[in-house]
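Q: coordinates for the following, if possible.
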Amino acid sequence: MKSNTIPVNTLSISNKSFAAELIMTPLSELTYWEVGTAKDNYLTENGELKYDVIPVFDKGRIIILITQRGYQTINQEWFITSDTPIPDLVNLFIDKKKPAFLVVQYNDIIGLVTPADLNKLCSRVYIYSLIGSVELMLTRLIHNVITLPDFNILELLSTERSNEILTLVNKLQSQNVDIDLVQLLYLSDLLTIVEKTPVLRKKLGFLSRKTTEKELSGINDLRNKTMHLVQPILSKMPDDLKTLHKRLKRIQTLLLKGEDQ
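A: Model (predicted):
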């Protein structure tokens, strides 16, 4: 059976530095319904729940959760620890199919985390740190493996993109800036070079160009979404969550393949 779990990253990024506690909504800031009070504020005119999940409080304690599927009795499947790494959290949302988790620290509930919290800055920093590691790894791999002169590498890119880079190189050289051409490549350029270069594909364990394109697809799109802070990474559920999960898996797998190169 194929596992849905994102492989553990063995590079320099520490998953433990990016945990559920950093993106959750603290207990004191939760939107909730207190037993005995009106709950009209949380319902639409049609009587449907406005939110994916609403905790129900009774005397300061969460007793149940209200979701789009109705009332949910709280059991262990709704709890995660505050130090749950973000990639593990993504796995849990996929595997458990829960709209939220209650975050626990020292046996106390301290907050609630939903897939929407993956749009927050800390989550973006984690994702971009992974993507940054991909850029560094691919740059190193291209330097170590490709024996073509720099300007021949540009032939692997579109004419428009190649001309942009050459213009920038000439500008920098005119300013007496000694720059490595590969350092001017975008992530999309690096991915294109890998896809079009058999020796690089082989180094990363890809059997064909078609397989390479499939395994690298979406990584640059995720990079762009992560960097544009006004653009949510997740907006359509559950499709965007599934897409994020697949892309993180691809990134982690790529990093693991590149470790030994």
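Q: for the helix or strand containing residue 247, what is the average pLDDT?
A: Taking DSSP states H and E as the definition, one finds residue 247 inside helix 239-258. Mean pLDDT, computed over helix 239-258, is 93.
Q: pretty sure residue 54 sits in a helix.
A: No. Per DSSP: H, G, I helix; E, B strand; the rest coil, residue 54 lies outside any helix segment and is strand.
Q: surely it and residue 43 touch.
A: No. Judged on CB atoms under 8 Å, residue 54 makes no contact with residue 43 at a distance of 9.7 Å. Glycine gets a C-beta too; all of them are placed from N, C-alpha and C.
Q: on that earlier part again, any buried residues in the helix holding residue 247, and which?
A: Neighbour-count burial for helix 239-258 flags 240-241, 243-252, 254-255, 257-258 (criterion: 16 or more other CB atoms under 10 Å).
Q: check stretch 35-43 too.
A: Across stretch 35-43, burial judged by 16+ other CB under 10 Å covers residue 43.
Q: other residues contacting that stretch?
A: Residues from elsewhere that reach stretch 35-43, judged by CB atoms under 8 Å, 6 or more residues apart in numbering: 31, 33, 49-51, 54, 56-58, 63, 66.
Q: out of these, which are buried?
A: Burial of the contacts of stretch 35-43 was assessed by neighbour count (16+ other CB under 10 Å); the buried members are 33, 49, 54, 56-57, 66.
Q: what's the farthest-apart pair in those?
A: Pairwise distances among those were taken by CB to CB; the largest, 16.1 Å, belongs to 49 and 57.
Q: buried residues in the longest helix along the chain?
A: Here the longest helix in the chain is taken by residue count, with DSSP state H as the criterion, and it is helix 121-145. For helix 121-145, a neighbour-count test (16+ other CB under 10 Å) marks 122-124, 126-127, 129-131, 133-134, 137-139, 141-142 as buried.
Q: flag the helix or strand of the protein with the lowest per-element mean pLDDT.
A: helix 150-153 (a mean of 73; mean pLDDT, DSSP states H and E).
Q: what angle do the helix holding residue 247 and helix 121-145 make?
A: Interaxial angle of helix 239-258 relative to helix 121-145 (axes from the mean of the first three to the mean of the last three CA atoms, to 10 degrees): 40 degrees.
Q: what about helix 239-258, distance to the chain center?
A: 8 Å (CA atoms, centre = their mean, to the nearest Å).
Q: which residues in the chain form strands?
A: Assigned by DSSP state E, the chain shows strands spanning 25-26, 33-34, 53-58, 61-67, 70-73, 79-81, 101-105, 108-113.
Q: put the alpha carbons of the fifth one into CSV.
A: Included here for strand 70-73 are C-alpha records, laid out as CSV according to Å, rounded to 0.1, in the frame of the first residue of the first chain:
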residue,chain,number,x,y,z
GLY,A,70,-23.3,18.2,12.7
TYR,A,71,-22.3,17.7,16.4
GLN,A,72,-19.1,15.9,17.0
THR,A,73,-18.1,14.1,20.2
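Q: pLDDT of that strand, averaged?
A: Here the mean pLDDT over strand 70-73 is 92, rounded to a whole number.
Q: can you tell me the strand partners of that strand and which way each runs?
A: Its sheet considered, strand 70-73 pairs with strand 61-67 (antiparallel) by DSSP bridges.
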